[in-house]
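**Q** Sharing a model prediction with you, sequence too.
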Amino acid sequence: MIKALILYAQFFTRLPIPVEINNPGDQFKNNMQFFSIFGVLLGLLEGALFFVWAQIFPLWFAWVLFWIGDGLITGGFHLDALADTADALFSSRKVEKMRAIMKDSRLGTMGSLALVYFYLIVIGAGIAIINRQPNVLAITKLAIICVMITKSGISLLFFHMHYAGKSGGLASIWEGIKTWRLLVNQVIALLLIGWLLGLSGIVSYAAVIIVSVGYRHFFYKLFGGLTGDTVGCYAELSQAIFLLVYVGLQLKCQGLFG
């Protein structure tokens, strides 16, 4: 497990970890049951930074710094996928041209808008909660889970996954993962969410699961499978979906019982 966690950190972050891991492809697949654990460990790191910032700055600004820090720590790994997928989908082109657009390193108009919309949602949602519940510990817990969601969210797509690109592509490493590993990973995610955020968190994650089914179906119909960009894109969409539902539930409950 330790080797897999190190490998995940090397792959998904910019953290300098000078440890060589043999057979990385096998390590990725054979330790998928620990993927949410890696996500929560990364969340603890970023949550700790948020907690420190919250001691210095207003809570809303610490939340903004949290998202900036997340982008720096991860190197915008999934943000790039979100932008590429948006550029392709809203290009009004044929499938092959969409794939070419995804591979293009240049950022287009729709990709730029997708990034702006994403940050408006996740930052705005957090500030909405902070305005009603200015509790540093509660928001820190939310920050931890938001980071974990990127990993538990994309792993929902790995069930019997088919890679739509050419053989040997980056996302092909997620093919052939055993179902029990994915189930254990999701159970761990649900337990962590329930422990830190309660029933509202579990319901919010249920929305992420439901949307993943439609998301998967859409791209299987369009591309015949998933690509690295479409997988990475759902990591960011998972966070936005989770926060929208969670904030809605929190504000609704406070309106009813506050």
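**A** Yes, it's here.
**Q** Please determine how far the spatially closest residue to residue 57 that is not a sequence neighbour is located from residue 13.
**A** Nearest non-adjacent residue to residue 57, counting by C-beta to C-beta, 6 or more residues apart in numbering: residue 65, 7.0 Å away. Placement of C-beta: from N, CA and C, glycine included. Distance of residue 65 to residue 13, computed by C-beta to C-beta, to the nearest Å: 18 Å.
**Q** again, but for residue 64
**A** For residue 64, the distance to residue 13 equals 20 Å [C-beta to C-beta].
**Q** can you check residue 127 too?
**A** Distance from residue 127 to residue 13, by C-beta to C-beta: 26 Å.
**Q** Residue 92 now?
**A** As judged by C-beta to C-beta, residue 92 and residue 13 stand 35 Å apart.
**Q** Which of the two has more residues huddled nearby?
**A** residue 13 (18 against 7; other C-beta atoms under 10 Å).
**Q** doesn't residue 70 make contact with the more buried one?
**A** No - with contact defined as C-beta atoms under 8 Å, residue 13 does not reach residue 70; the gap is 10.0 Å.
**Q** So for stretch 97-107, mean pLDDT?
**A** For stretch 97-107, mean pLDDT rounds to 80.
**Q** what does that stretch rub up against?
**A** By C-beta atoms under 8 Å, 6 or more residues apart in numbering, the residues outside stretch 97-107 that reach it are 83-85, 87-89, 91, 93, 108, 165, 222-223, 227, 229.
**Q** and these, which two are the farthest apart?
**A** Greatest spacing in the contacts of stretch 97-107, by C-beta to C-beta: 108 and 165 (20.0 Å).
**Q** Residue 202 against residue 189, yeah?
**A** No - using C-beta under 8 Å, residue 202 makes no contact with residue 189, being 10.0 Å away.
**Q** Give the buried residues for whichever strand or helix holds residue 39.
**A** Per DSSP states H and E: residue 39 is located in helix 35-56. Residues 35-43, 45-47, 49-51, 53-54 are the ones in helix 35-56 that count as buried (16 or more other C-beta atoms under 10 Å).
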